[in-house]
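K.L.:
Pasted the sequence and its predicted model underneath.
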Amino acid sequence: MTANDFFWAIKTTAKGKSSGLDGLPAEYYQIFSHKWARVYELIYASQFNKGRMTKFQRRAYISLLYKKGDRSLPSNYRPLTLLNHDAKFGPKIVAYRLRNILPKLLHSDQFGFTQGRSIRHALVEFQDLQQLAKNSGLHNAGAVLLDFAKAFDSVLWPALNLVLKHFGFGNFFRDAIKTFYKGTIVTVLVNGIASEYFELGSGVRQGDPLSPALFVLFLEPMLNFLRWKTGHLGINVPNSKLPHHLLAFADDCTGILKDLRHTRVFIDSVQYYSNAAGLTLNSDKTIVMPFQGFDQDLRETLTMDELYVVPDDGSTKLLGISQSPTLPPSTRFDSLITKMVQRCQLWKYRGRTIRGRAVILRTIVLPLFWYTAAVTPIPKGVVDQVRNLCKSFLFKETIAPTSSIKGHFPEEWLYWPSTKGGLGLPETATFGAALRLCTLRDSVQHACHYLKLPRWFEPAAATFSDCLHGSGTVFDILYVNMPRTSPAPERWRPMGVFWFTTLQAWRKLRETELDGEILFRHCFEMPIWLNFLFTVQAKKKPFEGTSTLAEHFRTQGYIRLRDFIERHGQTATKSLCLHILTDIDFASPRLRTLAASHFIKQLQDWRVLPLLTPYGPYVPVELTSATHAWSFKGKLLTRIKNRDFYRLLHTLPTIPTQPNSALEVDVAPEWDKMWRTELNLDKILLPILADLKFRLQHNGLNVRRKYRYHTEDTNCPHGCAAKETVKHLFWSCPIVHAVWIKLLRCIAPYLQSDMQWKSVVYLLDLKFTTVSLTQFGHRNLLIIFHIIRAGVLYPTWIHRNHRIFQNVEPSAVYVECRAVAYAKLHLRRIQNITTCPKLTNLTRTVLSRLDTISPTTLRRHQ
């Protein structure tokens, strides 16, 4: 291991992670990472020669992480090893080197901790196998969900060494692994109390960067044994070389059986290998899940065998997602909504600002939902519940997903990006569709890269081919205009609700952003009969089924123009078509000629004839459509990420009424430019001050509507005879205006004209003198004005609420003192952190002017 390796390991170590016994965080090593890299190059070389790590590198804490169930049972806790950071640099380097090797060593049924494989793929394959079993009439098919007790801690080191040797790892690599683990001494932390130290004799440490890779390598021989011993018991998928028998994500292993009468054979095989390898199978936690309504006699047989069988109307969890023999996938969201409500209630009083609560929703609440939404279509009722939940949390109402509330400003602002004045919440249905499209993209990406179907996609490919009914195969489904109806029509029902809704989202994506001209270059290989580019009649129907005479070509397997070249060595012509139809019994020769003429004319109308024949080897027909140039706004499908799918699919909702009119600002600003400027300036403000300004600019302060059901106009709470409006409260009221006059004197020399209300709200017509712009710069002057503006607005609003709810006397001194205090607080902070000389000089000047302000008691305005 070189110093360059250690430099990378130190630099890429995440900050804020728990340290080990030495208490040194990752940031400590990152201060002088280039020097530490040289040091650890020598240290690790020395330890490899000695065959063990240093004294402190071998010591670690074991922290217990609660999983679920009875908290008094040790088995319900996961032990996490807290190592010193310097003890993890070496294993991290080795894990990085293994990254490109693991996919070549591990079977594609192992989805855990392997580059290019995803837990989503395992879940989609499981769903598709269940759907395929229903389509094929495999009434006794199902899955056996295995559970190993403390699998990571059961790895025997001699057995791991044999496995690594079997996979071809050399002596140096295996000796390095021994060095990392030999003599590891740990102490268990329970309720903050450390136990006596003891030495580990087995297991791979959870918390070590290398442990996941070592564990999946250790487990692979068992999976190979099961493929050899019981692989024939899996479900046979059309055009798949081997039955689909296993799904594994690290130690979460699931056996797929075409007949659950073989369950005991499968479990005995697992138990046989486990006894030899040191693993412990939890028979009482092993679950049998039928893929559909189950034979009662077989259920009783399995139950008598001391196995838990999921009821027909029950469910169990696979990789964190609820699975059921008969219940629809939409039921998965029922428990999720409950968890989201609980999390909202936990954070309800911790988020003080509306944008802070939006961040809590994006990062803490909604992620509970997205994992399930990635493999499950979201029903409209659930979308409504999530929207109600978000609104009630944002506007501090009772958390109730079943009841809709009216927010302080139009709901559409919730889904606009923050750079355009919104809160940046993801729209539920669109974000879920984007996540599902990522699964479709992964299948296309694999097909383009390896020129073969990914194994996890094979069940879906089989259902796609069945649904196409001879009008295409597998990826030709990309050209189909999937019906927008719900539920799915009879023809498309065999593919299951997940793929049907995914292909509906794909159609929407195609219709909005597809670069059609680039795609049309592949017309030679496109399917003819079900293709959104090849339509007939005014209703733009697909060619399939519109002409009884032309259908003869489809029934004989002429799916694309390429088929004419492969079979006859030439493109489609009328004479060739007549020759193809020779063996078909028509009522008269005229009908044969009419069929050939109609087919050729249709091809000419689509402008695919005459056609230049491409040269070179052909891609397998089932992969052809995947390799086409699916480009969206200049970006190929294989390079599009989830956020890109969302941006392509999401249409910004129309704001019903812009807030400037309600705020008595006649001229609308350049909204996009204004929101970007405000968002950038808000970075220097305390969140509560920025939040008030944000709500003010959206007319979301509920002025005149502060009382529960009170909607009538009220007088100014400061005692003015005028009606309370936003402009009067924050600008025209004599008490507040006197404060504005005093504070604006600090920047008056830099302004071209007197300050106006529209400048306070939206920075409209806020112009600075040429001299000040040259001396300080436009952005620096904006920063100072932004601070003074927020400093006046916030205490004005607080004083207004004190008047209403606590009946305090109106006081300009209250507003003035706090306005000056807030302004000084922000200016001094900028003075301490800025490196810009112009901003430093401007801040110093304004601060000196603020120091000259002495609050005076103003006579109450009658």
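P.N.:
Alright, I've got the coordinates.
K.L.:
Next one: the closest residue to residue 159 other than its chain neighbours, what pLDDT does it get?
P.N.:
Nearest residue to residue 159 in three dimensions, chain neighbours excluded: residue 277, at 5.9 Å (CB to CB, 6 or more residues apart in numbering). Just so you know, the C-beta spots here come from the backbone N, C-alpha and C atoms, and that holds for glycine as well. Looking at residue 277, its pLDDT is 89.
K.L.:
and residue 277, how far is that from residue 254?
P.N.:
Residue 277 sits 19 Å away from residue 254, going by CB to CB, to the nearest Å.
K.L.:
and the two? which has more neighbours close in?
P.N.:
Ranked by neighbour count (other CB atoms under 10 Å), residue 277 and residue 254 place residue 254 first, with 21 against 18.
K.L.:
can I assume the more buried one sits in a strand?
P.N.:
Yes: under DSSP: H, G, I helix; E, B strand; the rest coil, residue 254 sits within a strand.
K.L.:
Kindly state the beta-bridge partners for it.
P.N.:
residue 145, residue 247 (DSSP bridges).
K.L.:
Tell me the spacing between it and residue 123.
P.N.:
11 Å.
K.L.:
Common neighbours of these two, please.
P.N.:
Shared contacts of residue 254 and residue 123, defined by CB atoms under 8 Å, 6 or more residues apart in numbering, comprise residue 318.
K.L.:
The residue nearest to residue 413 when sequence neighbours are not counted: what's it in contact with?
P.N.:
Using CB to CB, 6+ apart and skipping the chain neighbours, the partner closest in space to residue 413 is residue 422 (4.9 Å). Contacts of residue 422 were listed using CB under 8 Å, 6+ apart, and they are 412, 413, 414, 415, 416.
K.L.:
Just the pLDDT for residue 422.
P.N.:
pLDDT recorded at residue 422 is 92.
K.L.:
Next: residue 787.
P.N.:
93.
K.L.:
what helix or strand is it on?
P.N.:
Residue 787 is part of helix 778-806, with elements assigned from DSSP states H and E.
K.L.:
what packs against that helix?
P.N.:
Counting contacts by 3 or more CB pairs under 8 Å, 6 or more residues apart in numbering; DSSP states H and E, helix 778-806 packs against helix 671-681, helix 687-697, helix 734-744, helix 812-833, helix 837-850.
K.L.:
how about the first one: buried residues?
P.N.:
By that I understand helix 671-681. Within helix 671-681, the residues scored as buried using 16 or more other CB atoms under 10 Å are 674, 675, 677, 678, 679, 681.
K.L.:
so who does the second one touch?
P.N.:
Under the criterion of CB under 8 Å, 6+ apart, the contact partners of residue 675 comprise 418, 419, 420, 421.
K.L.:
Any figure for the gap between the second one and residue 633?
P.N.:
Going back to what we said before, that points to residue 419. To residue 633, residue 419 is 18 Å away according to CB to CB.
K.L.:
Also residue 524?
P.N.:
For residue 524, the distance to residue 633 equals 25 Å [CB to CB].
K.L.:
Kindly report the same for residue 337.
P.N.:
Taking CB to CB, one finds residue 337 at 35 Å from residue 633.
K.L.:
neighbour count winner among these two?
P.N.:
Neighbours per residue (other CB under 10 Å) separate residue 337 from residue 633, with residue 337 holding more: 17 against 12.
K.L.:
check which helix or strand covers that one.
P.N.:
According to DSSP H and E, residue 337 maps onto helix 332-347.
K.L.:
And that helix, what does it pack against?
P.N.:
Helix 332-347 packs on strand 321-323, helix 367-373, helix 380-394, going by 3+ CB pairs under 8 Å, 6+ apart.
K.L.:
Contacts made by the second one with the rest, please.
P.N.:
So the one you mean is helix 367-373. 320-321, 332-333, 336, 339-340, 343, 386, 428, 431-432, 435-436.
K.L.:
out of the residues you listed, which are buried?
P.N.:
Buried members of the contacts of helix 367-373, scored by 16+ other CB under 10 Å, are 321, 332, 333, 336, 340, 343, 386, 428, 431, 432, 435, 436.
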